[in-house]
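Asks: Got a predicted model here, sequence first, then my questions.
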Amino acid sequence: MVLITVLVTLYLIYTGYDYYQTPYEERFYHPHHDWFKPSGAFGHGLGIAGTLMILFGVVIYIARKRYNFMAKTFRRLKYLLEFHIFMCTLGPILILFHTAFKFGGIVSVAFWSMVAVVLSGVVGRFIYIQIPRSIEGRALTLSEIKDLQHDWVSVLHEEFQFDDQLIHAIMGYTEGEGRNGNKKSTRQLARMLKQRQVPKKGRVYILRMVKQERALARKIARLESMQNLFKYWHVAHLPFALVMLVIVVLHVAITLAFGYKWIF
């Protein structure tokens, strides 16, 4: 999808470069002005296509997320999110070329609102991927993450017959931090286990267990902070999206009222 977005953008730049670099006051005399201008066949078509892409990308994502629409088709929400991002990235690019890089009046408010929506969407995407999720793409709760943890103390007691002192030392590698804030090195743990003459199979198992526990601990640590950030992110993302939507509707209504039509 990234490749498609890049190729489309390069194509638009290539086809209209001569027109777009022409000063605004001289574009009327450009031989392709009637084609590339916002109300021209090409420019107008880009505006329509871009608007429809944004609307479709937003509607289908909200319908799936809130109303479980097409849940069987898009079982993993993250795939639909990628499609939503694709549509809501390429759509604004088409609208940008629809404007012929000329902004003014109420349309400029819609455009900069659209820019704010896209930029906040990039931030939202980063926050989204930080939140631990199930294989279907649903955000995991704190209790669900904790359920993934095992009672390793019992496992080490029963499977390896380790004494309490060694178990305590091993568990320290799943939680303890060094002076620089980094987790204790698993190499240190491997050396300690080797010194205690733990069989190789047991060392491999314990090292894997420690890494798994560290991963779960990181998920638990960032879950609450990321969820809070996601809530604050909506405060910025949704208003700009609504402003953009309202102004786009007004823009379309005004153009129709003034008799602007596309190729039909």
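Replies: Okay, I see it.

Asks: quick one: low-confidence parts of the protein?
Replies: Judged by pLDDT under 70, the chain has its weakly predicted residues at 69-77, 104-107, 130-153, 175-184, 220, 222-224, 227, 234, 263-264.

Asks: what about 50?
Replies: Judged by pLDDT under 50, the chain has its weakly predicted residues at 135-136, 176-182.

Asks: hey, where'd the helices end up in the chain?
Replies: Taking DSSP state H as the criterion, the chain contains helices spanning 2-20, 33-36, 41-67, 77-98, 106-130, 142-147, 152-160, 164-175, 186-195, 200-257.

Asks: Export the ones you listed as JSON lines, with columns for distance to residue 27.
Replies: Backbone N, C-alpha and C define where each C-beta goes, glycine included. Compiled in JSON lines, the helices of the chain are given as follows (distance: least, CB to CB, whole Å):
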{"stretch": "helix 2-20", "distance to residue 27": "7"}
{"stretch": "helix 33-36", "distance to residue 27": "5"}
{"stretch": "helix 41-67", "distance to residue 27": "11"}
{"stretch": "helix 77-98", "distance to residue 27": "14"}
{"stretch": "helix 106-130", "distance to residue 27": "17"}
{"stretch": "helix 142-147", "distance to residue 27": "57"}
{"stretch": "helix 152-160", "distance to residue 27": "70"}
{"stretch": "helix 164-175", "distance to residue 27": "66"}
{"stretch": "helix 186-195", "distance to residue 27": "64"}
{"stretch": "helix 200-257", "distance to residue 27": "19"}
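
Asks: Could you check how far the nearest residue to residue 166 once chain neighbours are set aside is from residue 174?
Replies: Distances taken as CB to CB, 6 or more residues apart in numbering place residue 196 nearest to residue 166, at 6.3 Å, with adjacent residues excluded. Spatial separation of residue 196 from residue 174 under the definition CB to CB, to the nearest Å is 17 Å.

Asks: go on, residue 109?
Replies: Relative to residue 174, residue 109 is positioned 53 Å away (CB to CB).

Asks: Of these two, which one has the most company?
Replies: Relative neighbour count places residue 174 above the other of residue 109 and residue 174, with 19 against 14, counting by other CB atoms under 10 Å.

Asks: and the more buried one, how far is that from residue 190?
Replies: In this structure, residue 174 lies at 14 Å from residue 190, with CB to CB as the measure.

Asks: cool, and residue 197?
Replies: With distances taken as CB to CB, residue 197 is found 13 Å from residue 190.

Asks: Looking at those two, which is more packed in?
Replies: Legend: neighbour count by other CB under 10 Å for residue 197 and residue 190, higher for residue 190 (17 against 7).
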